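Trainee: please find the sequence and the predicted model below.
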Amino acid sequence: MDDDYRWFDLPTRLLMAALFLQSGIGKLLDRADTEAYMRAFDLPSFLLWPAAVWELIASVLLALGLGTRWVALLLSGWCLLTAVIFHTDFTDQLMQIMFFKNMVMAGGFIAVARSGAPGLSIDSWLTQRRSVNAREDRRMTAGRW
C-alpha cells in the first residue's frame, strides 16, 4: 500500500470501533430496556451479555488493530445479522435508516477486512517483527552452509 495512505485505516478503525464500544456499554448500562427490546423480537434476554461482551471486545481489537481482518469480517456479519433481525420495519423511517446504516457498516468492514491495518496497529507491528525475524533466520541459515 502507498505509504501516503497507510495511516488512513487508523481513524477509520477508531470511528467504527466507537460505535460498537458505545453500543456494548449502552447494553450493559441499560439492561432492562435492552432486554425488553430483545424480547420484542423473540430473542432471549440472556443474549444481551454475549452481545455486549462481543461488541466491547471487538471494538477494542478493532481500535488496536489486532486480528483486524478477522474482527472486521465478523463485525460485517454482525451488522448484517442485526440489520435483518432488528431493522426490517420499513414503514418506520428510523428503522430504514438503521437498516441501511448497518448495510453501510457491513460494507465498510469488508473493506477493512480486505486492507487490514497497515498503519498504526498491532497487526502492522507484528508483521514487521515477523519480517525482521524471517530475514535474520535466512541470514543465519545462509551462514551455516
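Mentor: Cool, got the structure. Numbering: from 1, shown residues only.
Trainee: tell me the pLDDT of Arg144.
Mentor: For Arg144, the model assigns a pLDDT of 58.
Trainee: ok, now Arg129?
Mentor: For Arg129, the model assigns a pLDDT of 87.
Trainee: tell me which helix or strand it sits in.
Mentor: In this assignment (DSSP states H and E), Arg129 forms part of helix 122-144.
Trainee: okay, now Asn102: neighbour count?
Mentor: By other C-beta atoms under 10 Å, 20 other residues sit near Asn102. Heads up, the C-betas are built off the backbone N, CA and C, glycines and all.
Trainee: separation between it and Cys79?
Mentor: Look at Asn102 and Cys79: by C-beta to C-beta, to the nearest Å, they are 4 Å apart.
Trainee: what's the answer for Glu35, then?
Mentor: Per C-beta to C-beta, Glu35 is found 21 Å from Cys79.
Trainee: helices of this structure, start to end?
Mentor: With DSSP state H as the criterion, the chain has helices at 9-29, 31-40, 48-64, 68-86, 93-115, 122-144.
Trainee: hmm, who's touching the third one?
Mentor: Helix 48-64 is contacted from outside by 13-14, 16-21, 23-25, 27-28, 31, 34-35, 38, 67-68, 71-72, 74-75, 78, 112, 121-122, using C-beta atoms under 8 Å, 6 or more residues apart in numbering.
Trainee: switch the cut-off to 6 Å
Mentor: With contact meaning C-beta atoms under 6 Å, 6 or more residues apart in numbering, helix 48-64 is reached by 13-14, 17, 20-21, 23-24, 27-28, 34-35, 67, 71, 75, 122.
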